[in-house]
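Peer 1: Sharing a model that was predicted from the sequence below.
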Amino acid sequence: MIYIHFPFCKSFCTYCGFYSVRERDKIGKYTESLLREIDLRKAFLCQCSRPSTLYIGGGTPSLWPVEQLEEVVRAISAVLQGGTASDYVNFSGPSGSTISGDAAGIFPFAEFTMEVNPDDVTEEYALALRRLGVNRVSMGVQSFCDRSLRWMARRHGAVEAVEAFRVLRSAGFGNISLDLIFGYDPGQQDAADSADGNVLAGHPCGSDISGRGKAGQLHGSGTADGSRAGGAHSSSDEDLMRLWDNDLETIMRLRPEHISAYQMGLDEGSVLGEMASSGRYLEPSDELCAAQYSLLQRRLASAGYVQYEVSNFSLPGRRAVHNSGYWDRSPYIGLGPGAHSFDGDRRRSWNVPDVDRYIAAFGDSAALPPVASGSSGDSGASGSFGFLGLPSVASWEVLTGEDILTETVMLGLRTADGLPLLRLPRFMQTSIDRLLSTGSLILRDGRLRIPPDRLFISDSIIRELLP
């Protein structure tokens, strides 16, 4: 499993706490540094090639010039096919040549996912991705309501999202994942204004592409039944449920192979997080978020989607292979600024979360402070993992037995497959028995699972199991 972090964005969404920057003039230098990192980490790249997945996320990877993306994909392919990155790359920087037009020499990844924004998708771009071997596209739609999208400071509109999906289909993509967000209130002002200079008036959903009518006014006074009192303008719970139902109706009409749905969070450093801390944004109630999640489960199940993880649904046989590897604790390597790597056992490292320092690490290593020795002081960290001393590594850690147990339980119980009961220590049995008696866990075929109707509170259930 290989992950590449592309940290560049045109603008920042109100809710995003991921590391990203707007300085797109540095993309060329970033690409050159990434090619050097690939060459330095070739041994571990080969160790992480099962399952053979490549995932490019961000940031906004669809801003990456295709000719530079091709350089990176071909360099990784050269390494995985027994050579080195230098067999393909001369390290004089991105060539600037156009894409070669065929997939000759590109490693046949079982799953090669590219994250895209709807407003970047054109027929030419989609066909270029296909020629590069991309066989799965993950598109951040988030909502099919223009009012919501403006509030989130997204760059696309609802109609653009639908058109981008159709372009991808026409280009031959038969495995498309769409992201949605629930558990937010777009009736509250200031978010997009703070993020991108847009002043939002309180309008209803601006595009009626679902064919089910408007979602209703989303700028309630906070005094109607079901609304939340407070200093910020709030929508009624009824309006928010109707808005979410419209999103689900639209996505089911498109029928992508995969759907990821996430509850809006208040990430540290995000515009929305700052608004909430200053009292300018009020989160919807837990009851409303639970109702939206339940509606999500029911509507997608009725449309033939299978829920295989807390936030992920797919048509049969279309689970995300790469993300499933994370939940199985498979080894993976992360390339690019801020990317994390894991050896599949107990060692984890992460790159410097800063584009300038990342570029400097491969141009002038003296520009970086010495690589941290790790939180545990384990001198064996330079073994098969091979990260100690790499100029891009900010720090590393060695997990304790308790850390591994915590990860195993937290990741395993988020999935529909659950965990084998025999993998859990005896001291958990009392908690397991109690949770089984209350219906918060079920035991079937020797595996513990959280039932679908309790997945929304999975975090609290898991906390009851852990020491």
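Peer 2: Everything's here; your move. Numbering: from 1, shown residues only.
Peer 1: helix, strand or coil for the residue nearest the centre of the chain?
Peer 2: The centroid of the chain falls nearest to G57 when counting by CA atoms, centre = their mean (7.2 Å). The three-state label for G57, taken from DSSP: H, G, I helix; E, B strand; the rest coil, comes out as strand.
Peer 1: didn't it look like it was pressed against W64?
Peer 2: No: G57 lies out of contact with W64 (CB atoms under 8 Å); the separation is 11.4 Å. Yep, even glycine has a C-beta here, placed from its N, CA and C like the rest.
Peer 1: Show me whatever sits in contact with both of the two.
Peer 2: F6 (CB atoms under 8 Å, 6 or more residues apart in numbering).
Peer 1: hmm, back to that, how near is the residue nearest to the centre of the chain to N323?
Peer 2: Using CB to CB, to the nearest Å, G57 is found at 11 Å from N323.
Peer 1: that older thread, can you name the residues bridging to the residue nearest to the centre of the chain?
Peer 2: H5 (DSSP bridges).
Peer 1: My guess is R255 contacts F313. True?
Peer 2: No: in this structure R255 lies outside contact range of F313 using CB under 8 Å: 11.9 Å.
Peer 1: Compare the two (neighbour count), which wins?
Peer 2: F313 (24 against 15; other CB atoms under 10 Å).
Peer 1: Mind checking what secondary structure that one has?
Peer 2: Looking at F313 with three-state DSSP, the answer is strand.
Peer 1: Equivalent analysis for the one 5 residues further on, please.
Peer 2: Of the three states, R318 takes coil according to three-state DSSP.
Peer 1: Grab the nearest non-local neighbour of it.
Peer 2: Beyond its immediate neighbours in the sequence, the residue positioned closest to R318 (CB to CB, 6 or more residues apart in numbering) is E257, lying 4.2 Å away.
Peer 1: Per-residue pLDDT of that neighbour, please?
Peer 2: Per-residue pLDDT puts E257 at 99.
Peer 1: now it: how far from A110?
Peer 2: 15 Å.
Peer 1: Tell me which of those two has more neighbours.
Peer 2: E257 (19 against 14).
Peer 1: what about that one, distance to W350?
Peer 2: 31 Å.
Peer 1: so P420 bridges to which residues?
Peer 2: Here P420, judged by DSSP bridges, has bridge partners R447.
Peer 1: quick one: it and T438, what's the gap?
Peer 2: P420 is 21 Å from T438, by CB to CB.
Peer 1: same thing with L272?
Peer 2: Here the criterion is CB to CB. By it, L272 lies 34 Å from T438.
Peer 1: who has more neighbours, these two?
Peer 2: L272 (28 against 11).
Peer 1: Tell me which helix or strand comes right after the strand or helix carrying that one.
Peer 2: Using DSSP states H and E, L272 maps to helix 271-277. For helix 271-277, the following helix or strand on the C-terminal side (DSSP H and E) is helix 286-302.
Peer 1: who touches that next one?
Peer 2: 182-183, 237, 240-241, 244-245, 248-249, 252, 259, 261, 263, 307, 313, 452-453, 455-457.
Peer 1: other SSEs contacting whichever helix or strand comes after it?
Peer 2: Next along the chain after helix 286-302, taking DSSP H and E as the criterion, comes strand 306-309. Where contact means 3 or more CB pairs under 8 Å, 6 or more residues apart in numbering; DSSP states H and E, strand 306-309 is packed against helix 286-302, strand 312-314, helix 321-327.
Peer 1: Have a look at this protein and report the helix or strand with the lowest mean pLDDT.
Peer 2: helix 191-196 (a mean of 39; mean pLDDT, DSSP states H and E).
Peer 1: Can you name the next helix or strand after it?
Peer 2: For helix 191-196, the following helix or strand on the C-terminal side (DSSP H and E) is helix 237-254.
Peer 1: What angle do helix 286-302 and that following helix make with each other?
Peer 2: 20 degrees (axes from the mean of the first three to the mean of the last three CA atoms, to 10 degrees).
Peer 1: Buried by neighbour count: which residues of helix 237-254 qualify?
Peer 2: 237, 239-248, 250-252, 254 (16 or more other CB atoms under 10 Å).
Peer 1: for stretch 418-431, same thing?
Peer 2: For stretch 418-431, the neighbour count (16+ other CB under 10 Å) marks 418-419, 424, 428, 431 as buried.
Peer 1: Save these as CSV, and put in distance to R280 and secondary structure too.
Peer 2: CSV is the format used below for those (distance: CB to CB, whole Å; DSSP: H, G, I helix; E, B strand; the rest coil):
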residue, distance to R280, secondary structure
G418, 41, coil
L419, 41, strand
L424, 44, coil
M428, 42, helix
S431, 40, helix
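Peer 1: quick revisit: mind listing what the residue nearest to the centre of the chain touches?
Peer 2: 3-6, 115, 138.
Peer 1: Likewise for R130?
Peer 2: 171-173.
Peer 1: go again using 10 Å as the cut-off
Peer 2: 103, 137, 168, 171-173 (CB atoms under 10 Å, 6 or more residues apart in numbering).
Peer 1: sorry, back to before: between G57 and N323, what contacts are shared?
Peer 2: Common neighbours of G57 and N323 (CB under 10 Å, 6+ apart) are 113, 138.
Peer 1: shaky segments in the stretch 51-200 of the chain?
Peer 2: Applying pLDDT under 70 to the stretch 51-200 of the chain flags residues 84-104, 188-200.
Peer 1: the strands in it, which residues?
Peer 2: With strands called from DSSP state E, counting those that start in this stretch, the stretch 51-200 of the chain shows them at 53-58, 111-116, 136-142, 176-182.
Peer 1: Tell me which other helices or strands the last one touches.
Peer 2: With contacts defined as 3 or more CB pairs under 10 Å, 6 or more residues apart in numbering; DSSP states H and E, the secondary structure elements packing on strand 176-182 are strand 111-116, strand 136-142, helix 158-170, helix 237-254, strand 258-263, helix 286-302, strand 312-314.
Peer 1: That'll do, ta.
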